[in-house]
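Colleague: Give me the fold of what follows.
(one chain, ligands or ions: 1)
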Amino acid sequence: MIDFRPFYQQIAASPLSDWLETLPLQLRQWQKNAHGDYAKWAKVVDFLPDLQAKQINLQSAVEAVPNQPLSDGEQQRIIYHLKQLMPWRKGPYHLHGIYVDCEWRSDFKWERVLPHLAPLQGRTILDVGCGSGYHMWRMVGEGANMVVGIDPTELFLCQFEAVRKLLNNDRRAHLIPLGIEQMQPLAAFDTVFSMGVLYHRKSPLDHLSQLRDQLVNGGELVLETLVIDGDVNDVLVPADRYAKMKNVYFIPSVAALINWLEKCGFKQVRCVDVEITSLEEQRKTEWLENESLIDFLDPYDHNKTIEGYPAPKRAVILANK
Ligand SMILES: Nc1ncnc2c1ncn2[C@@H]1O[C@H](C[S@+](CC[C@H]([NH3+])C(=O)[O-])CC(=O)[O-])[C@@H](O)[C@H]1O
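Modeller: Next up is the predicted model:
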């Protein structure tokens with residue numbers, strides 16, 4: 001089982017120390033209700049070997065460069081264990097010569113976002129809905145002081161811990177298996193990321209307020225979400241599914257989103273990027289058995305989802321508290 005006590009020790013003398021009022025009890029409760037396969041997935045992390053990498057590169061990729069090339073047998077053993085944690089959605093990871101080619105090229109998103117950010121050097125960062133943690137490692141690569149991700153999906157916690165183990169057990173990033181709505185307001189993070197989460201929330205303005213509650217005064221919010229074309233009053237609320245996803249609630253226009261952020265008290269709200277999701281960024285690989293973007297689009301018109309809605313388009317918005 002994954003041990004969170006080292007994290008408690010690490011935050012005890014940090015700006016996050018108030019979190020110790022609620023976190024240990026919440027995680028004890030979480031453990032009781034965790035997914036039936038959690039114990040099996042956590043064991044996979046234990047089965048992975050303790051390899052010492054010659055170099056860890058987190059600046060241009062997420063990569064552990066091996067001391068010496070692994071034998072075919074060793075590589076196959078690690079691939080076997082990592083594949084017990086499929087589907088691998090967010091990546092890619094280069095781990096001791098093994099290329100974990102995930103469904104998403106999360107590096108594409110990072111390249112769209114990074115040039116616009118206040119420098120991450122020395123910052124304390126929260127990544128809400130961090131998935132397997134790909135972007136957290138890239139934040140560490142930019143010199144962040146501490147990166148905490150939260151994501152309630154147990155499989156992603158185990159993927160994150162597997163990657164951590166193969167990155168020389170790096171303890172500059174941490175994944176806590178909670179939803180944002182469960183976090184006490186800490187007002188302690190210099191930068192808060194919420195990427196790919198807003199459209200999954202039933203109450204988007206509450207989500208924005210919860211993100212604001214985690215920021216220090218003057219801190220920066222990085223919000224990335226699905227958008228539609230339109231003006232300040234245009235918001236799509238899909239009738240049933242959107243791109244085959246059951247849990248999509250609100251897809252605003254950029255103007256509507258900026259209005260929401262301002263209503264929640266954010267300042268200097270600005271849109272820095274809008275991009276249609278490409279078939280190069282989200283696609284099927286040998287690291288996932290499920291369908292991918294190509295199956296979610298109208299086969300005769302890739303500008304539409306299979307349900308007839310506008311195809312996925314994503315905006316990056318920055319704002320300050
Ligand atoms: N209440 C919640 N609180 C926190 N996380 C949540 C919650 N509900 C769902 N999630 C998590 O938010 C992530 C959204 S994926 C974005 C990953 C990454 N950020 C990316 O930008 O590539 C996008 C997508 O799958 O559509 C998943 O990992 C959920 O488990």
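
Colleague: for the ligand, what are the nearby residues on the stretch 1-150 of the chain?
Modeller: Within the stretch 1-150 of the chain, the positions near the ligand by C-beta under 6 Å from any ligand atom are 90, 104, 106, 109, 128-131, 150. In this view, the C-beta of every residue, glycine as well, is placed from N, C-alpha and C.

Colleague: now with 5 Å?
Modeller: 90, 129, 131 (C-beta under 5 Å from any ligand atom).

Colleague: which stretch of helix or strand covers the last one?
Modeller: Taking DSSP states H and E as the criterion, residue 131 maps to no regular element, lying outside all helices and strands.

Colleague: neighbours around the residue lying closest to it once chain neighbours are set aside, how many?
Modeller: Taking C-beta to C-beta, 6 or more residues apart in numbering, and ignoring the residues beside it in sequence, residue 131 has residue 90 as its nearest neighbour in space, at 4.1 Å. Using other C-beta atoms under 10 Å, residue 90 has 23 other residues around it.

Colleague: list the contacts for residue 90?
Modeller: 102-104, 106, 131-135 (C-beta atoms under 8 Å, 6 or more residues apart in numbering).

Colleague: Closest to residue 79 out of the residues you listed?
Modeller: Residue 79 lies nearest to residue 102 out of the contacts of residue 90, by C-beta to C-beta, at 13.8 Å.

Colleague: Please enumerate the helices of the stretch 151-300 of the chain.
Modeller: Secondary structure of the stretch 151-300 of the chain (DSSP state H, counting those that start in this stretch): helices at 154-166, 204-214, 254-263, 293-296.

Colleague: quick one: contacts for the nearest residue to residue 280 once chain neighbours are set aside?
Modeller: Leaving out its chain neighbours, the residue that sits closest to residue 280 by C-beta to C-beta, 6+ apart is residue 105, at 6.8 Å. Going by C-beta under 8 Å, 6+ apart, residue 105 touches 91-92, 280-282.

Colleague: Any idea what residue 105 is bridged to?
Modeller: residue 91 (DSSP bridges).

Colleague: just to revisit the earlier point, any chance of CSV for the contacts of residue 105, columns pLDDT, neighbour count and distance to residue 81?
Modeller: Formatted as CSV, these follow (pLDDT from 0 to 100; neighbours: other C-beta atoms under 10 Å; distance: C-beta to C-beta, whole Å):
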residue, pLDDT, neighbour count, distance to residue 81
91, 97, 25, 16
92, 98, 21, 17
280, 97, 9, 28
281, 97, 19, 27
282, 96, 20, 25
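
Colleague: how close does residue 225 get to the ligand?
Modeller: 9 Å (C-beta to the nearest ligand atom, to the nearest Å).

Colleague: tell me the contacts of that residue?
Modeller: Counting by C-beta under 8 Å, 6+ apart, residue 225 touches 194-199, 251, 257, 314-315, 317.

Colleague: about what we covered before: hmm, which two among the contacts of residue 105 are most spread apart?
Modeller: 91 and 280 (14.1 Å).

Colleague: buried residues in stretch 41-49?
Modeller: Going by neighbour count (16 or more other C-beta atoms under 10 Å), the buried part of stretch 41-49 is 41-42, 44-45, 48.

Colleague: Now, the residues you listed that are in strands?
Modeller: Members of the buried residues of stretch 41-49 lying in strands (criterion: DSSP state E): none.

Colleague: Mind putting those residues into a markdown table with pLDDT?
Modeller: Listed next are the buried residues of stretch 41-49 as a markdown table, based on pLDDT from 0 to 100:
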| residue | pLDDT |
| --- | --- |
| 41 | 97 |
| 42 | 96 |
| 44 | 96 |
| 45 | 97 |
| 48 | 97 |
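
Colleague: Kindly report the residues of the stretch 151-300 of the chain close to the ligand.
Modeller: 151, 153, 179-180, 195-197, 200.

Colleague: Fine by me, we can end here.
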